[in-house]
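[1] Turn this into a structure:
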Amino acid sequence: MKVICIDDTKLPDGAEVVKGEEYTVLEKFVNFADQTAYIIEGIRNKGTGKYGLPWLGYAATRFSVVDSVEETEEMVEEMLN
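    Below is the predicted model of the structure:
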């Protein structure tokens, strides 16, 4: 799934997402705070935050999905042909 970053404010130390950039999601999961989060391809996905707490992945609310519907349609077309 491809996403675009829409919020790069107040990121934890070591986070690398940039507003307006497009990224590929490797994994989608629910984190310890019960938030949907993404593991993003090609950038740092874990670290230690301001108060020493570990973080893993990026909150899905920081992104807008670009093409998950198109990918699904392409997969269905390939299976039907």
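[2] Dihedrals phi and psi, the residue nearest in space to the middle of the chain?
    The central residue of the chain, meaning the one whose C-alpha is nearest the mean C-alpha position (CA atoms, centre = their mean), is Tyr38 at 3.4 Å. With angles defined as degrees, to the nearest 10, Tyr38 sits at phi -120, psi 140.
[3] That one pairs with what?
    Listed by DSSP bridges, the beta-bridge partners for Tyr38 are Lys28, Tyr58.
[4] Identify the residues contacting it.
    In this structure, Tyr38 makes contact with 3, 23, 25-28, 57-58, 60, 63, judged by CB atoms under 8 Å, 6 or more residues apart in numbering. Yep, even glycine has a C-beta here, placed from its N, CA and C like the rest.
[5] how about a cut-off of 10 Å?
    With contact set as CB atoms under 10 Å, 6 or more residues apart in numbering, Tyr38 has these partners: 1, 3, 17, 23-29, 45, 57-60, 62-63.
[6] Equivalent analysis for Val3, please.
    Listed by CB under 10 Å, 6+ apart, the contact set of Val3 reads 17, 21-25, 28, 38, 40, 58, 60, 62-68.
[7] Apart from its chain neighbours, what residue comes closest to it?
    Phe63 (3.9 Å; CB to CB, 6 or more residues apart in numbering).
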